[in-house]
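Trainee: Pasting the sequence and the predicted coordinates here, then a few questions.
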Amino acid sequence: MKIEGCKENKGVTLIALVITIVILMILAGIAIGSTVGERGTINQARQSNEQAERESIVQKIQADALVEKEKKNRSLTYDEFIDVVESGNYGTINGDILTTSSGYEINLSELYQGE
């Protein structure tokens, strides 16, 4: 039963549609910015991964040095420590800096724990 003079609403108005699209665009901009920006999730994950890889290499070097120390039953000299690092094929050594195959630079004098 229809009441005369009342209009039946059918569908969405153009204004409501435009407002919805604008709101979605704003939300998309926020989401994209927080994902790929300088401090975005992807960049933070990449930095965390690089730091974890570097720390993994450092721990492997320290473990190899500890094994060698236990074999010799004494502390390693710095030259012996460098020999352990070279035998581990972690990368190239230039002075006190180890450049790994992944491109990380590790200061070996900071890792050396001689007594």
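Mentor: Ah, there it is.
Trainee: Which neighbouring elements make contact with the worst-scoring helix or strand of the chain on mean pLDDT?
Mentor: Across the helices and strands of the chain, the lowest-confidence element by mean pLDDT, DSSP states H and E is helix 108-111, at a mean of 85. Packing partners of helix 108-111 (3 or more C-beta pairs under 8 Å, 6 or more residues apart in numbering; DSSP states H and E): helix 41-72, helix 78-87. All C-beta atoms are positioned from the backbone trio N, CA, C, and that covers glycine.
Trainee: Report the buried residues of stretch 48-55.
Mentor: Neighbour counts using 16 or more other C-beta atoms under 10 Å place R54 of stretch 48-55 among the buried residues.
Trainee: returning to that earlier point: which one of the helices and strands packed on helix 108-111 is the most hemmed in?
Mentor: Of those, the one with the most neighbours on average (mean count of other C-beta atoms under 10 Å) is helix 78-87, at a mean of 15.
Trainee: Please identify the buried residues of the helix or strand just after that one?
Mentor: Following helix 78-87 in sequence order, the next helix or strand is strand 91-94 (DSSP states H and E). Residues of strand 91-94 classed as buried by neighbour count (16+ other C-beta under 10 Å): G91.
Trainee: now strand 91-94, how far from the centre of its chain.
Mentor: 24 Å (C-alpha atoms, centre = their mean, to the nearest Å).
Trainee: Pairing partners for it, with directions?
Mentor: strand 97-100 (antiparallel) (DSSP bridges).
Trainee: Any chance you could list what contacts the partner strand?
Mentor: Residues outside strand 97-100 that contact it (C-beta atoms under 8 Å, 6 or more residues apart in numbering): 54, 57, 61, 85, 90-93, 105-108.
Trainee: Mind doing that once more with 7 Å?
Mentor: 57, 85, 90-92, 105-108 (C-beta atoms under 7 Å, 6 or more residues apart in numbering).
Trainee: Throw the helices and strands packed on helix 108-111 into a markdown table and include distance to I15 and mean pLDDT, thanks.
Mentor: Output for the helices and strands packed on helix 108-111, formatted as a markdown table (distance: least, C-beta to C-beta, whole Å; pLDDT from 0 to 100):
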| stretch | distance to I15 | mean pLDDT |
| --- | --- | --- |
| helix 41-72 | 35 | 90 |
| helix 78-87 | 69 | 90 |
